[in-house]
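[1] I would like to see how this sequence folds:
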Amino acid sequence: MELIDYIDGLFIDVPSIPDYWITARSDTAFKRHASIWYTEMKEIQGRRNWPWWKRKIIQKQSKRLKAIDPQKHELKCRCNQNCTLDDIANALQDIRKRTNIGKYFPYKSSGFKQKKHFRVEFKDKHRERVAEVTKKKNSCYTCGSTDHYANKCPKAKEKVSAIEKVPEEEFPTEDSESDSIGDAIREQSYEEQDPREEFLVEYQEETPLEIQGKHLEAGMPQNTSSTNLCKHTQDAQT
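    Residues are numbered from 1 along each chain as shown. Predicted structure coming up:
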């Protein structure tokens with residue numbers, strides 16, 4: 001396959017290449033079974049031009065060419081005869097750039113395992129910073145020490161026991177506040193009004209009660225008997 005590509009490239013650069021030069025090149029290029037086949041065909045067919053030899057090589061050695069480079073052979077068979085591999089490679093590169101096909105294929109490593117680069121005196125500053133932050137967070141908010149939490153702080157109990165009992169007289173209650181407000185309102189009202197008005201009493205006449213035309217004095221009980229028992233409201237009115 002390399003011989004075919006090489007000679008095709010020479011024909012593009014130099015269109016008029018003598019056939020004897022190609023046959024001489026083919027004798028050195030073919031090896032083993034291919035060289036035996038080429039010598040036998042040359043003795044039988046004699047001198048032939050390069051397109052004829054190319055067609056015979058592909059027809060006879062098609063299976064070997066497919067086994068060596070199947071993708072390349074498939075492209076060569078489907079493409080135009082005047083087309084070269086450079087044109088195909090350029091077209092494939094353009095397609096790859098536009099569609100980003102290469103990102104779906106895994107990267108092929110060379111197999112050489114490199115050691116990780118590290119410094120001898122390496123200090124992880126981030127880890128120290130995290131330790132400082134956690135140390136600051138784990139502190140007692142009552143006394144400020146980092147040895148314990150607030151629920152186990154001994155100074156908190158001392159503060160609670162050190163509080164002196166204040167007598168209840170010093171703490172104002174709701175009743176005392178309401179009494180003081182009422183006294184202040186009364187004092188203000190006494191100053192505005194005449195003190196003699198407190199002893200004035202309004203006179204009210206006694207109004208008799210009227211029940212179906214009968215006048216009864218206010219406050220006097222009605223005369224009732226055990227014989228005359230009322231069974232209905234109308235009986236009580238009569």
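[2] Run through this structure and note the low-pLDDT ranges.
    Filtered on pLDDT under 70, the chain yields the residue ranges 1-32, 61-70, 72-76, 100-138, 156-238.
[3] so is His148 in a helix, a strand, or just coil?
    coil (DSSP: H, G, I helix; E, B strand; the rest coil).
[4] got the contact list for it?
    Residues in contact with His148 (C-beta atoms under 8 Å, 6 or more residues apart in numbering) are Cys140. Yep, even glycine has a C-beta here, placed from its N, CA and C like the rest.
[5] Backbone dihedrals for it, please?
    phi -150, psi 170 (degrees, to the nearest 10).
[6] Same check on Cys140?
    As for Cys140, its main-chain torsions (degrees, to the nearest 10) stand at phi -80, psi 130.
[7] could you measure it against Arg96, distance?
    Cys140 sits 65 Å away from Arg96 when distances are taken as C-beta to C-beta, to the nearest Å.
[8] Neighbour count: the two, which is higher?
    Counting neighbours by other C-beta atoms under 10 Å for Cys140 and for Arg96 shows that Cys140 has the greater number, 18 against 12.
[9] hang on, isn't that one packed against Cys153?
    Yes. With contact defined as C-beta atoms under 8 Å, Cys140 and Cys153 form a contacting pair (5.0 Å).
[10] Neighbours of Trp50, how many?
    The number of residues near Trp50, taken as other C-beta under 10 Å, comes to 18.
[11] no wait, Tyr38
    20.
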